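Trainee: let's see this in three dimensions:
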Amino acid sequence: MSSSFFAYIFRMRYIARWALMRNTRTENVEEHSYEVAVLAHALAVIGQRMYGKAVNPDRVATAALFHDAPEIITGDLPTPIKYFNPAIKTAYDQVEAVAQDKLLGMLPPQLMEAYEPLVRGGDPSVHRYVKAADKLAAWLKCLEERKAGNREFVKAEAETLRALNEMDMEEVTWFLDHMGESFGQTLDELG
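Mentor: Next up is the predicted model:
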């Protein structure tokens, strides 16, 4: 049996993000997934080392790599549309479930069990870190755009930072307090 699962996964690079916004630099789902994986891993390490939480950073990072995999089929539905009202959110969740089924159906049965929690986002404790990293990556994108003089992202940056603070995750607060400022610096300022 030939499997096209990984061929589909590698097509994440063709799915553009932030479709409703003017971007100074286009971002795709593949690079976004990488950034979310790096941030999710960092948040999990912070949770483990700074706050003694029983979290597996490698598991969190792996889940983050696949968190937007269904978008290969659905495309990236912008957040303001996805959460516009409960009916749209419910309908999108159903579309996303069909996309997850399609992707998982491309795997040989022997591999499906290993990839199902990654594609479906199974473990709530892992999902919490991935969701926080996803928001953090969005905030960093907004910050990058604003730094480039793009005022289109000013409101999104403030709303995303507010959403991060409302998550009430000490790992996110620690990251923002100790590492957030450096993302606003130039390469020369980073030294």
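Trainee: wait, Ile88 touches Lys82, no?
Mentor: Yes - counting by Cβ atoms under 8 Å, Lys82 is a contact partner of Ile88 at 6.8 Å. Using the backbone N, CA and C atoms, a C-beta is placed for each residue, glycine as well.
Trainee: list the residues that contact both of the two?
Mentor: Listed as contacting both Ile88 and Lys82 by Cβ atoms under 8 Å, 6 or more residues apart in numbering is no residue at all.
Trainee: this protein: helices as residue ranges?
Mentor: Counting by DSSP state H, the chain has helices at residues 5-9, 29-51, 57-66, 71-74, 79-82, 86-105, 109-120, 124-147, 154-166, 170-179, 187-190.
Trainee: could I get the ones you listed in CSV, plus columns for distance to Ile15 and mean neighbour count?
Mentor: CSV is the format used below for the helices of the chain (distance: least, Cβ to Cβ, whole Å; neighbours: other Cβ atoms under 10 Å):
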stretch, distance to Ile15, mean neighbour count
helix 5-9, 11, 15
helix 29-51, 4, 20
helix 57-66, 14, 21
helix 71-74, 5, 18
helix 79-82, 15, 14
helix 86-105, 12, 14
helix 109-120, 15, 14
helix 124-147, 15, 21
helix 154-166, 19, 15
helix 170-179, 26, 16
helix 187-190, 29, 7
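Trainee: lowest mean pLDDT across these, which one is that?
Mentor: If you rank these by mean pLDDT, helix 79-82 sits at the bottom with a mean of 82.
Trainee: return the list of helices and strands in contact with it.
Mentor: Under the contact definition 3 or more Cβ pairs under 8 Å, 6 or more residues apart in numbering; DSSP states H and E, helix 79-82 sits against helix 86-105.
Trainee: how about the CA coordinates for stretch 72-92, as PDB?
Mentor: As requested, C-alpha coordinates have been extracted for stretch 72-92 and formatted as PDB (Å, rounded to 0.1, in the frame of the first residue of the first chain):
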ATOM      1  CA  ILE A  72      -3.400  21.100   4.400                       C
ATOM      2  CA  ILE A  73      -6.900  20.100   3.400                       C
ATOM      3  CA  THR A  74      -9.000  22.900   4.900                       C
ATOM      4  CA  GLY A  75      -6.700  25.800   4.400                       C
ATOM      5  CA  ASP A  76      -6.100  28.300   7.200                       C
ATOM      6  CA  LEU A  77      -9.400  29.800   8.300                       C
ATOM      7  CA  PRO A  78      -8.500  33.200   9.900                       C
ATOM      8  CA  THR A  79      -9.300  33.400  13.700                       C
ATOM      9  CA  PRO A  80     -11.800  36.300  13.300                       C
ATOM     10  CA  ILE A  81     -13.900  34.100  11.000                       C
ATOM     11  CA  LYS A  82     -13.400  30.800  12.900                       C
ATOM     12  CA  TYR A  83     -14.700  32.400  16.100                       C
ATOM     13  CA  PHE A  84     -17.200  34.800  14.600                       C
ATOM     14  CA  ASN A  85     -20.100  32.900  16.100                       C
ATOM     15  CA  PRO A  86     -20.800  29.500  17.600                       C
ATOM     16  CA  ALA A  87     -22.400  28.100  14.400                       C
ATOM     17  CA  ILE A  88     -19.300  28.800  12.300                       C
ATOM     18  CA  LYS A  89     -17.000  27.400  15.000                       C
ATOM     19  CA  THR A  90     -19.100  24.200  15.200                       C
ATOM     20  CA  ALA A  91     -19.200  23.800  11.400                       C
ATOM     21  CA  TYR A  92     -15.400  24.400  11.200                       C
END
